[in-house]
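Peer 1: I'll drop the sequence and a predicted model, then ask my questions.
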Amino acid sequence: MTVIYREEDGDLNHLAGKRVGVIGYGNLGRPVALNLRDSGIQVIVSETHEDRQDSARGAGFPILPIAETVRQADIVMLLVADEAMPQIYLEQVSPNLKRGDTLVFASSYNIAFGYIEPPPFVDVGLIAPRILGISVRERYLNNEGFFSLIAVGQDASGQAWPKLLALAKALGSLKAGAIEIVFEREAELDLFVQQAIMPAFHHIMVTAAQLLMDTGYPPEVVFTDLYLSGEFSDYLERAAQSGLLPALRLASLTAQYGTFSRLERFNDLKLQRLMEVTLEEIRDGDFAKEWAKEYGDGYHRLKRLFKDQNQLELWDWEQQAIDLLNPLRDETDDTIS
């Protein structure tokens, strides 16, 4: 039976007198550090990027080298990119671990695929938020909480669970719920969504947009109806609250009939097999090896794939629609340098 931990399951007293070292002050590291500090936990930070160091200092955090953070901390949270973590761990974290320390990951990727093997004298835990890093902070401040997957991979002290649940409470996750999972399964689930669901969604949206524009529908109307209006995200938000079927039942009868009567058209055995193959590649470690090679090559293929996608004329039409609908929007650059 699945176990879901709530507020009453976490006791911050288990963190009394303990110092948490947050390694990586990025998209997740920053919200984690701020949430923990606001919950009364002692936090020190390690970050190698200068702009992030400035951000951490501006927030009042002491910045230490990684090795020194590990030596001073009782709980070490590794929040750097999965592909960069093994080298950082091997060179700067592992040599400085002490008996009784706790290693906490936000992704089980490196444990699941054997890139990191913690020593037997430390506790190993997982708190994996199921939302974006920015939302980890926002939902803490709004007192909403956020769902996470939680696991203990190694309990050397016999106190791994109390410490991990206290940490989850301090982060704000127990307000929504922390769902216990087998350590390795978290990485497999995360990768499956990225590699089976997101490509399908992306392909469907691109295909639909191109078809509609090719048959004469104005781009700004096409993109608005597909996703810019927020109707689809509103549907998913309601599905998150009450389920897919109840959310669809809130739509018009025409929408319900159109959806249910056409479902079988998309009941494609090829799609199911594609998902099965994707899951097999993940669980067998084939993707992890591929990603390690890609990281070693300096993201060469990823940059080429992004460049190929970025050259589609479709995105020019999309940007025109976005600019028309949101003339005062803030622009961000998320490309890989």
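Peer 2: On my side now, so go ahead.

Peer 1: What score does Leu250 have for pLDDT?
Peer 2: Per-residue confidence (pLDDT) for Leu250: 91.

Peer 1: pretty sure it contacts Arg238?
Peer 2: Yes: using CB atoms under 8 Å, Leu250 is in contact with Arg238, at 6.5 Å. No exception for glycine: its C-beta is placed from N, CA and C like everyone else's.

Peer 1: more crowded one of these two?
Peer 2: Arg238 (17 against 13; other CB atoms under 10 Å).

Peer 1: right, and the more buried one touches Leu248 too?
Peer 2: No: between Arg238 and Leu248 there is no contact under CB under 8 Å: 9.1 Å.

Peer 1: Can you give me the first-to-last residue distance of stretch 22-39?
Peer 2: Start and end residues of stretch 22-39 are separated by 15 Å (CA to CA, to the nearest Å).

Peer 1: go on, stretch 210-226?
Peer 2: From its first residue to its last, stretch 210-226 covers 11 Å (CA to CA).

Peer 1: now do stretch 116-135
Peer 2: 28 Å.

Peer 1: Distance from that stretch to the middle of the chain?
Peer 2: With CA atoms, centre = their mean, to the nearest Å as the basis, stretch 116-135 stands 12 Å off its chain's centre.

Peer 1: Stretch 220-237 too?
Peer 2: Chain-centre distance of stretch 220-237: 23 Å, with CA atoms, centre = their mean.

Peer 1: what sits up against it?
Peer 2: By CB atoms under 8 Å, 6 or more residues apart in numbering, the residues outside stretch 220-237 that reach it are 205, 208-209, 212-213, 247-248, 251, 317-318, 320-322, 324-325.

Peer 1: Among these, the buried ones, what's the ChimeraX command?
Peer 2: Buried subset of these, written as a ChimeraX selection, criterion 16 or more other CB atoms under 10 Å:
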select :205,209,212,213,247,317,318,321,322
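
Peer 1: Just the contacts of stretch 220-237: which are in helices?
Peer 2: Among the contacts of stretch 220-237, the ones falling in helices (DSSP state H) are 205, 208-209, 212-213, 247-248, 317-318, 320-322, 324-325.

Peer 1: count of residues packed around Ile134?
Peer 2: Using other CB under 10 Å, the number of residues around Ile134 comes to 12.

Peer 1: likewise Pro65?
Peer 2: For Pro65, using other CB under 10 Å, the count is 11.

Peer 1: so it makes contact with Ser46?
Peer 2: Yes: using CB under 8 Å, Pro65 is in contact with Ser46, at 6.5 Å.

Peer 1: out of the ones in helices among the contacts of stretch 220-237, who's nearest Ile282?
Peer 2: Lowest distance from Ile282 to the ones in helices among the contacts of stretch 220-237 (CB to CB) belongs to Met205, with 23.5 Å.

Peer 1: what residues are up against the closest one?
Peer 2: By CB under 8 Å, 6+ apart, the contact list for Met205 reads Leu226, Tyr227.

Peer 1: Over to His49?
Peer 2: Contact analysis of His49 by CB under 8 Å, 6+ apart lists Gly26.

Peer 1: Dihedrals phi and psi, it?
Peer 2: phi -80, psi 130 (degrees, to the nearest 10).

Peer 1: Could you list the domains of the protein?
Peer 2: 4-181, 186-325 (automatic domain parsing).

Peer 1: Thanks a lot, see you next time.
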